[in-house]
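*Asks:* structure, please.
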Amino acid sequence: MKKILFISVLGLLSCSKNAQTHPPVGGVLSKNDLEVSRNRMKNLNTQERMQIQEWINDQPVKFYPTQLNYWVNAEGFDQRQRRQDNSFISYSYDLYDFDQTKIYDKPFERRDARFGHFDELKAVEDALRFIHDGEEVTLLVPSSLAYGTYGDEKKIDNDIPLIIKLKAL
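*Replies:* Residues are numbered from 1 along each chain as shown. As a prediction, this is how the structure comes out:
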């Protein structure tokens, strides 16, 4: 019993020593906190971009950077004609990590989604603007355009870049 009490007290003391307080959701961050967060995301994005580029270099398929900061295996992809708001699209996609392990068994799928009226991952929504009907593309997405610093609170942890295999149905 004394051992459990000692370990508990020791754990509490070590946790409180370096604990950083966070404002509640919707709370206000100081200017310094915002700067620290901005620098963290900038450094993380730079690091992920370098890791993704190294991964690309080892692939037999070519990937091309897009203006939104993700890569796609179709040349000139984001130079194509852009789909307009309020137009409809049906699509599905699978998520993979960079070990090429499929994260979810079933693909995410939407039928007759209308642009401007659905909320999707930033990279997926952007790619859907340029994909042709029936086309399938692979996106390499840094975490900032995927599930970011929170993950999806299911199988995807925070700050995880993803491979997304997207198909316009």
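*Asks:* so residue 103 versus residue 147, what's the distance?
*Replies:* From residue 103 over to residue 147 the distance is 10 Å, taken as CB to CB, to the nearest Å. Every C-beta, even on glycine, is put in place using the N, C-alpha and C of the backbone.
*Asks:* find the residues that touch each one of those two.
*Replies:* Residues touching both residue 103 and residue 147 (CB atoms under 8 Å, 6 or more residues apart in numbering) are 156, 162.
*Asks:* settle it for me: which of these two has more neighbours?
*Replies:* In this view residue 103 and residue 147 are compared by other CB atoms under 10 Å, and residue 147 has more residues nearby, 21 against 15.
*Asks:* helix, strand or coil: sort out the more buried one for me.
*Replies:* Judged by DSSP: H, G, I helix; E, B strand; the rest coil, the three-state class of residue 147 is coil.
*Asks:* just confirm it contacts residue 155, I think it does.
*Replies:* No - using CB atoms under 8 Å, residue 147 is not in contact with residue 155; the gap is 10.1 Å.
*Asks:* quick one, what contacts residue 149?
*Replies:* 41, 143, 158-159.
*Asks:* so which of those residues comes closest to residue 74?
*Replies:* residue 143 (22.3 Å; CB to CB).
*Asks:* and for that closest one, the neighbour number?
*Replies:* Using other CB under 10 Å, residue 143 has 20 other residues around it.
*Asks:* tell me the contacts of the residue nearest to it when sequence neighbours are not counted?
*Replies:* Computed as CB to CB, 6 or more residues apart in numbering, the closest residue to residue 143 that is not its neighbour in sequence is residue 159, at 4.6 Å. By CB under 8 Å, 6+ apart, the contact list for residue 159 reads 44, 143, 148-149, 151.
*Asks:* would you turn those residues into a markdown table with distance to residue 121 and pLDDT?
*Replies:* Listed next are those as a markdown table, based on distance: CB to CB, whole Å; pLDDT from 0 to 100:
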| residue | distance to residue 121 | pLDDT |
| --- | --- | --- |
| 44 | 17 | 85 |
| 143 | 11 | 92 |
| 148 | 10 | 87 |
| 149 | 14 | 84 |
| 151 | 12 | 87 |
